[in-house]
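>>> Make a model of this:
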Amino acid sequence: MFDYTQMLLNKVAQLEVAWNQKDKFIHSSRMIVKFREDHIYRLEKKLKAEPGLVSDKESQVVIDQLKDEIKLLRDQVEHHPKMTRYAAENFALREENRQLRSLPSVVNAEEAATQVTADLEDHFHRAMETERRTEGKIIISRREQVKLTCCIHFLNHCRSTTPGASSTPVAVDSASAAAIEKLKAQLLQKQTDLTGALQAYEDYKEVTKKQMSQLQSEKRYLDKSNRHLENILEATNAYKKKEVSELNRIHVETIKILTTPTKAYNLRTRLVPFSSPEHLNGSDQGTDDLWSEPPPSDMAEMAVTEELCQVQEQASHFQTQFNEEELKNSKLQQQIAKLEEQITVMSQESDHKDELLSTERANRNTDQLNRQETANELQQSLQSEQQAAEGKDLMLLLCCWKCLSDGGDDSLFPLVSVLRTEIRDLRLVLQSSDKELAAVRSELREGHSEQQRETTQLSSSLISTQLQLDKIQLEWEQLLEQHRTLQDSFDQLQAEANSLQMEQEHTSTLISQLTENKESTSKELIDTMEQNTLLRKQVSDLTVQNQQQASKIVDLEQNSNSANETIKGLEQKTEQDKAKYNDACFEREDLQGQNSKIQAEICDLNENVERRVASSKIEVEVLQEEVVYATEEVERLTKVLHEQNSLLQEQTAQKDIMIQNLQQKLQKQQEAVERTIRNGHFKPLVDLTGTPKSLPRTPCTPGSFSRDLSHVLESQERELENRRSSMITMEILLAELNAERAAKNDEIQRLKMQLTEKEMVRIEIQVLLDQFYNKENQLIHNGNKKRKILKELQEERADKSNIMQQLSETQKRLQAQESLLGQSQTCVQELTNELRNRCLELRDVGQRKQEDEKCVQENELLRKQNVKLSEENGKLVGHKNHKQRIEYLVNLKKDNTKLQEENEKLKTEMILMRDNVGCLPLEMT
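Got it, this is the predicted structure:
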């Protein structure tokens, strides 16, 4: 029955320990959640107190991240299978504890234990009261030894003087001997208890002194490390201030250098060709008085100052961003160094505490062995002393009996008086020893209570250290995330700074080239103006591109933050990222093939354009030659027409004069005829009117004159007809010439239209070339973007590998912490077992004489418990037995497989959640 109750009590203790462990785990998880909430509250308070330090977007992003983490942790804590299992186990354990405590055997055992503890407390108080009388007890014990020797000599003397004696026993003497034996046994027992308690008290004092010295040394070491860190911080701050002042000085010098004014035509990036050939521009070399004038210096300086101001603003903005990122990076590095030092100090403290626990365990084991040896020796000495005391009592009784038989009552009076005085002295000694034992027990109780307090403090310190480690790990992860984001922004800013440096170098080279080509560029003012407009457009485009890049940088930062958030809980994206990386490689190869095809097409287009330009130039030259020839022919024909017109006009004038002369002659002849008719030649005229046969046949002068006149008139009419026909032919020729001229004019207009069309085609070709160059630049820009994306993918892959390494390290640390917790739990269990064993030993010492059989059974139970504890210690410490090691390894492997299965389940659940939500970092970027 006693064994069964003891087993139940052990089981109850184990269940309470498991219950406490699980409560601690739940408490730690709740503390983590509370820590996150406190962190969010502090951040919100800081934002309300100092709204100018952090922008609204960044603060909102940080708060959202922390809230998401808290939600995830709450969900994990609420829906975690371990938590539900722990809750079910706790409920079952509580019910088992109630059932076990309600058993009658347990109730009886508890009552018996309370009675035994009350008895032990009474004895302990008595022993503590007799602590002050230890010196008097030693003197009394010496006095008792002297009295016993005197009694023995007296009995020997009586034996020698009285050879014969009567054999009448006395009941009073036997009772006194039994009382003396009991008193001696109690005295020896209390002396042994007192010595053991004193030794334990001294050991406890030594251990506390060692712990105090170690704590003081740790305090000194921490003070030194804090001073060293303060010195490092001061030095770093001074160095950073010096660097900032140096950078400001360099920035001022660069601004002074850049603000020197230059001419506008020195800022040309490339030479612009003529919009048309030289012979079609219409610019004569003789009329270069207006176009050869230099540009005004004020306009050039204004353009240069505007461009320089824009460049300086951009450079100052990038420099401030770079300085801010450097300051953040330095602060993060300092915090990382502080955390690493704190982690090293905590690890050293934990190692030191482990060493102390191991030394205390070894000392306790040695003390336990020594106590067992001393207990065995004391048992042997008690047995020998009991045998010797029994022999002495028998001798005394025999002597007394002989004295009674020989000498009678007169010889017994001194002996009885001596025995009474000895009994009184022994009673006084026993009372003093009881008081001393009570005092020693009270001291032991205080020492045990202090040990329990220390154990509770150690457990609380372990829990606090675990919580601090969890907090430090969380802060470490947050700092790593911030460091990654800052590193990405720093790389981007560095790339932008490099690009700006390249642009500055390019501009410097262009300025040098343009200064060399100053004489040639002075004749091309129109081109420079066009180039200035183009440069302004390019500057505006660059500003727009910079703004777009800034917006893209902000978007990329947000995307990187979201990607970093997703990276925390998504460790298995490495395979998907590998697949995506392979797809990106294939896409890159496809893009390279497409780029090669596009380049081939561009080459073909260039060749076609060159051919078309050459053919158009040839056609233009041919058309120009035809136009020149046509103009020459038109001029020649116009000259011929003018000459013919002048000749015809002269001829017509001469003929008009001749006609007038002839008319005058006709008038004169008619007048002469009229005169002759009037003078007397009327008859022949009358006869003529009659019959012409009656007239004479002789010739007369009037008839010949009329004939000549008719001939003249006919000849003149013929000439007039000829002239009319020539005029008609000339008119026909003029009409034909006019038609040819109109046709030539139409051809000239058609050629002009063709020239304008050719000019339009050339302009379209120029536009196509510009589009082609823009597309080439866009392709280069897209290629750079794709390279940047590939670099970002590689960086994300490296970051994920680093995260995996950090997770493995954290797993190792957690395993080490779990092993430390297991060791501490074993230490606590050993302490509780030792305390329980000591209580059992004290109870066994009180009941040793009355229950010898029970003592044997209890010794066997203690031996079994020691065997079990040694087996557990072997499992936990070294596994010196190969069979135990194999069994323990098998159990560990089983637990490991279970944990791996749970981990895989959780990973699959996370993948499903990720797929449902669709928050992929690469898609976001």
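>>> Check whether Gln6 really touches Leu861, as I assumed.
Yes - between Gln6 and Leu861 there is a contact under C-beta atoms under 8 Å: 6.8 Å. Every residue, glycine included, has its C-beta placed from N, CA and C.
>>> Quick check: phi and psi at Leu103.
In terms of degrees, to the nearest 10, the main-chain angles of Leu103 are phi -70, psi 140.
>>> Which positions within stretch 534-545 qualify as buried?
By neighbour count with 16 or more other C-beta atoms under 10 Å, stretch 534-545 contains the buried residues 535, 539, 542.
>>> oh, I was asking about stretch 481-497
By 16+ other C-beta under 10 Å, the buried positions in stretch 481-497 come out as 481-486, 488-490, 492-493, 496.
>>> With secondary structure and pLDDT added, can I get the residues you listed in CSV?
Shown next, in CSV, are the buried residues of stretch 481-497 (DSSP: H, G, I helix; E, B strand; the rest coil; pLDDT from 0 to 100):
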residue, secondary structure, pLDDT
Glu481, helix, 78
Gln482, helix, 73
His483, helix, 71
Arg484, helix, 76
Thr485, helix, 76
Leu486, helix, 72
Asp488, helix, 73
Ser489, helix, 68
Phe490, helix, 71
Gln492, helix, 71
Leu493, helix, 69
Glu496, helix, 72
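>>> from the residues you listed, which is closest to Glu565?
Glu481 (8.3 Å; C-beta to C-beta).
>>> any idea of the mean pLDDT in the helix or strand hosting Met804?
Using DSSP states H and E, Met804 sits within helix 701-846. For helix 701-846, mean pLDDT is 75.
>>> and that helix, what does it pack onto?
Secondary-structure packing of helix 701-846 (3 or more C-beta pairs under 8 Å, 6 or more residues apart in numbering; DSSP states H and E): helix 2-49, helix 104-129, helix 171-258, helix 297-407, helix 412-516, helix 525-569, helix 573-679, helix 852-876.
>>> Nearest approach to Met753 belongs to which of those helices?
Shortest distance between Met753 and the helices and strands packed on helix 701-846, using C-beta to C-beta, is found for helix 573-679: 10.9 Å.
>>> which other helices and strands contact the closest one?
So helix 573-679, by 3+ C-beta pairs under 8 Å, 6+ apart, packs with helix 701-846, helix 921-924.
>>> just so I know, which of those lies nearest Val61?
For those, the distance to Val61 is smallest for helix 921-924, at 13.8 Å, taking C-beta to C-beta.
>>> okay, the closest residue to Leu233 other than its chain neighbours: pLDDT?
Counting by C-beta to C-beta, 6 or more residues apart in numbering, Gln334 is the residue found nearest to Leu233 once chain neighbours are left out, at 6.8 Å. pLDDT recorded at Gln334 is 71.
>>> Could you do Leu458 as well?
72.
>>> about what we covered before: tell me the one of the buried residues of stretch 481-497 nearest Glu909?
Looking across those and measuring by C-beta to C-beta, the closest to Glu909 is Glu481, at 23.4 Å.
>>> what's near enough to touch Glu121?
441, 445 (C-beta atoms under 8 Å, 6 or more residues apart in numbering).
>>> where's it relative to Leu807, distance?
Remark: distance between Glu121 and Leu807 (C-beta to C-beta, to the nearest Å) = 55 Å.
>>> swap in Lys800?
Distance, Lys800 to Leu807, by C-beta to C-beta: 10 Å.
>>> neighbour count winner among those two?
Neighbour count, other C-beta atoms under 10 Å: between Lys800 and Leu807, Lys800 has more, with 16 against 12.
>>> ok so, going back, comparing the helices and strands packed on helix 701-846 by mean pLDDT, which bottoms out?
Note on the helices and strands packed on helix 701-846: lowest mean pLDDT is at helix 852-876, with a mean of 64.
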